[in-house]
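A.B. asks: need coordinates for the following:
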Amino acid sequence: MLDLMPAPRLIFNEWDKHGTCSGLSPNAYFETIRKARAAVKIPGAYIDPGEPLMVSPDEVEEAFVKANPGLTRDGIAVTCDSRRLGEVRICMGKDFGFRPCPEIDKRVCRRDKVVMPPVRGGSATLTR
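C.D. replies: Numbers count the residues shown, from 1 in each chain. The predicted structure follows:
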């Protein structure tokens, strides 16, 4: 999973927090993560930034919506801390189709601009 998640600790945390409640074996759970990841196209500008980018959460959302047919603005949220992009959260159904999920908007980033750090460890190779 290190090609999709940047650190072993994150992988174990995902299993402990979400996988153990899924009813799936560890292998089946992580295969499901791979299928979900394969269903999302990362916009070209964000695939392998060599240096930090200054982006607005709105432009990141819009780029993902344009790159992923069927994804709408009510099915995606960008999170951040005081200055850095945290996550791009995309909601999917069990069939890996995009779906709306207003519950993720509670933690959406409200900043005008945030830093998108460069990719660590070459994990972007799967996204091309």
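A.B. asks: okay, now residue 30: neighbour count?
C.D. replies: Close neighbours of residue 30, defined as other CB atoms under 10 Å, add up to 18. (C-beta placed from N, C-alpha, C; glycine too.)
A.B. asks: low-scoring stretches of this protein, by residue?
C.D. replies: 120-128 (pLDDT under 70).
A.B. asks: show me the contacts for the most centrally placed residue in it.
C.D. replies: The chain has residue 88 as the residue nearest its centroid, 4.1 Å off, counting by CA atoms, centre = their mean. Going by CB atoms under 8 Å, 6 or more residues apart in numbering, residue 88 touches 60, 61, 64, 76, 77, 78.
A.B. asks: which of the residues you listed sits closest to residue 28?
C.D. replies: Nearest to residue 28 out of these is residue 76 (CB to CB; 25.9 Å).
A.B. asks: one step back: is it fair to say the residue nearest to the centre of the chain lies in a strand?
C.D. replies: Yes. Counting by DSSP: H, G, I helix; E, B strand; the rest coil, residue 88 falls inside a strand.
A.B. asks: partners of it in the sheet?
C.D. replies: Beta bridges link residue 88 to residue 78 when assigned by DSSP bridges.
A.B. asks: please enumerate the helices of the chain.
C.D. replies: Listed in chain order, the helices of the chain (DSSP state H) span 8-17, 26-38, 57-67.
A.B. asks: go through the contacts of residue 88 and name the one nearest residue 7.
C.D. replies: Out of the contacts of residue 88, the member with the shortest distance to residue 7 (by CB to CB) is residue 78, at 21.0 Å.
A.B. asks: list the contacts for the closest one?
C.D. replies: Per CB under 8 Å, 6+ apart, neighbours of residue 78: 57, 60, 61, 85, 86, 87, 88, 89, 108, 109, 114.
A.B. asks: swap in 7 Å and give it another go.
C.D. replies: By CB atoms under 7 Å, 6 or more residues apart in numbering, the contact list for residue 78 reads 57, 60, 61, 85, 88, 108, 109.
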